[in-house]
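>>> Following is a predicted model, sequence given first.
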Amino acid sequence: MDQQTLDSWGAQEKPAVMRVSEVTAVISSLLDTPALTNIRVIGEITNYKRHGSGHIYFSLSERQGAKEFVIRCTIWKTAAKYLPWTPEDGMIVEAFGTINHYEGGGQYNLNVTQMWQSGAGEKALLIERWKKELGLKGYFSPDRKRPLPDYPVRIGVVTSETGAVIHDIQNVLSCRFPVEIVLSPTAVQGPTAHEEIAAAIRRVAPMVDLVIVGRGGGSFEDLFAFNNPAVVEAIATCPVPVIAAIGHEVDVTLADLAADVRASTPSHAAELAVRDRKTELEQISQIRSRIVRRLLSRMEQADEELNDLRDRFLPVRMERRLAERRQNLVDITDRMSSLSELSLGRLKVQVTELRARLEARNPSGILMREIPERRIRVADLDRQLCHGAGSFLARYRAELDSLSKILEARSPYAAARDGYCIVLMDGRAVTSAGVLSQGEMVELKFRDGAASAVIEQVKPSEEV
């Protein structure tokens, strides 16, 4: 570089110097955009690792020609425990989350909260919608569940005729309790599998006592047919109980929820369908032994009772017992006679005593003895009453005369004999001149009559 170039470069304005923290802050602010929040990203899983803490770390990659694009991803433990399947390298998945920038490491990654195998996202939403619709019909209600028959004669198996499911069920049933197996073959995956499964259930149901619907493990896509409403409805409306054994124990389809009993594997379904013959035979043997012991014990007891009855009814013993009964009867008769005579004597004495007591308390005798005395008493009381009544009346007659004289002396009409009169106005006595007014009508009450008068003048006490 020549001197002229150096001089021209030095003359240009130099850019501002930024700290590393400032650069990372700008990057974080640029990544904090709605376009990178709650997004769905599809790609291939690489570098999958599950940490001992429960967090999951992996990358999503996409190859276009010679170029490969990679995004680091993280699923925290709180979201990882709800993941219903185990991711593996090479799987094509859809991840839902938000882009975060970690300034400490200078890296950005996708913080994943939900993840599905490719195409499973829409299907998962569809299954949720089917679950709500079928739940409203009562297909998943615990009250609809039916008990399994104790000893089924025929068991229908709805599965693929070429898979291992039918062989596993046959092996278990042959070892536990051999029954007739009716295979209703069907496809267990594919675009029309749900129609074939529903038809196979309806086809075999009228011929058997129990139906097992099963298939081996598989991916979400492989088991999707068993979530279809056609299969759920066929299971729910099946006239006989249904055991669902679909996928592994962690796989739960709508068919499992609608079945009367859910089994973790087809072999487990066969174990639930029939009882263990060896166990049943042992129980039967134990019951037979208990019955035999009870019969022998009862027979021994009956034999003892029979011998006792035989001994009791021997002629010699019968005669001895009859003699004892006769003697007892004689003794009882003598005792009754003695008691009767004794009781009769006691009763005669009691009757005599009661008759004497009754005569002493006879009302007629009492009256005959007491009437003269009562007559004398009544005559005496009559004399006392007459004398007392005369004295009482005389005393009160004297008091009445005295009070009459006092009343007459204090009567206002007594003054009328001396020329006084009573002035009445409106029927009431006038006690003061102050209540009278000129022109008022008053009544004058005399000893022998009354007169009316009009007030012409009212004089105060000073002028009188």
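Right, received. Where do you want to start?
>>> which stretches of the stretch 351-464 of the chain aren't confidently modelled?
Scanning the stretch 351-464 of the chain for pLDDT under 70 picks out 360-370, 409-419, 461-464.
>>> So which residues of it form strands?
All strands of the stretch 351-464 of the chain, identified by DSSP state E, counting those that start in this stretch, fall at 422-425, 428-429, 441-445, 450-454.
>>> for those strands, which one sits closest to Ser402?
Across the strands of the stretch 351-464 of the chain, Ser402 has its closest neighbour in strand 422-425 (26.0 Å, C-beta to C-beta). From N, CA and C alone the C-beta is placed, and that goes for glycine too.
>>> Partner strands of the closest one, with direction?
Using DSSP bridges, strand 422-425 pairs in its sheet with strand 428-429 (antiparallel), strand 441-445 (antiparallel).
>>> Deepest-packed of those, please.
Counting by mean count of other C-beta atoms under 10 Å, strand 441-445 has the highest mean neighbour count of these, with a mean of 14.
>>> what is the orientation angle of it with strand 450-454?
Note on geometry: by axes from the mean of the first three to the mean of the last three C-alpha atoms, to 10 degrees, strand 441-445 and strand 450-454 are set 150 degrees apart in direction.
>>> Send over stretch 143-161 as CSV, restricted to the C-alpha atoms.
Written as CSV, here are the backbone C-alpha positions of stretch 143-161 (Å, rounded to 0.1, in the frame of the first residue of the first chain):
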residue,chain,number,x,y,z
ASP,A,143,-69.8,-46.1,33.9
ARG,A,144,-70.0,-47.7,30.5
LYS,A,145,-67.2,-50.2,31.2
ARG,A,146,-68.3,-53.8,31.4
PRO,A,147,-66.6,-56.6,33.4
LEU,A,148,-64.9,-59.4,31.5
PRO,A,149,-66.5,-62.9,31.4
ASP,A,150,-65.0,-65.3,33.9
TYR,A,151,-64.8,-68.3,31.5
PRO,A,152,-65.2,-67.2,27.9
VAL,A,153,-65.6,-70.1,25.4
ARG,A,154,-64.6,-68.2,22.2
ILE,A,155,-62.3,-65.1,22.0
GLY,A,156,-62.2,-63.0,18.9
VAL,A,157,-58.9,-61.4,18.0
VAL,A,158,-58.8,-58.3,15.7
THR,A,159,-55.3,-57.9,14.3
SER,A,160,-53.1,-58.6,11.4
GLU,A,161,-53.0,-62.2,10.4
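>>> How is Glu161 assigned, secondary-structure-wise?
For Glu161, the secondary-structure state derived from DSSP: H, G, I helix; E, B strand; the rest coil is coil.
>>> so it sits right up against Pro185, yeah?
Yes - here Glu161 reaches Pro185: they are 3.9 Å apart, a contact under C-beta atoms under 8 Å.
>>> what about the two, which has more around it?
Taking other C-beta atoms under 10 Å, Glu161 and Pro185 do not tie; Pro185 has more neighbours (17 against 12).
>>> pLDDT score assigned to the more buried one?
You'll see Pro185 listed with a pLDDT of 94.
>>> ok, what's across the strand from it?
Beta-bridge pairing of Pro185 under DSSP bridges involves Thr159.
>>> going forward can the numbers begin at 677, since that is how I track them
OK, 677 is where the count begins now, so the last one is Pro861.
>>> Would you confirm that it contacts Gly832?
No - using C-beta under 8 Å, Pro861 is not in contact with Gly832; the gap is 11.2 Å.
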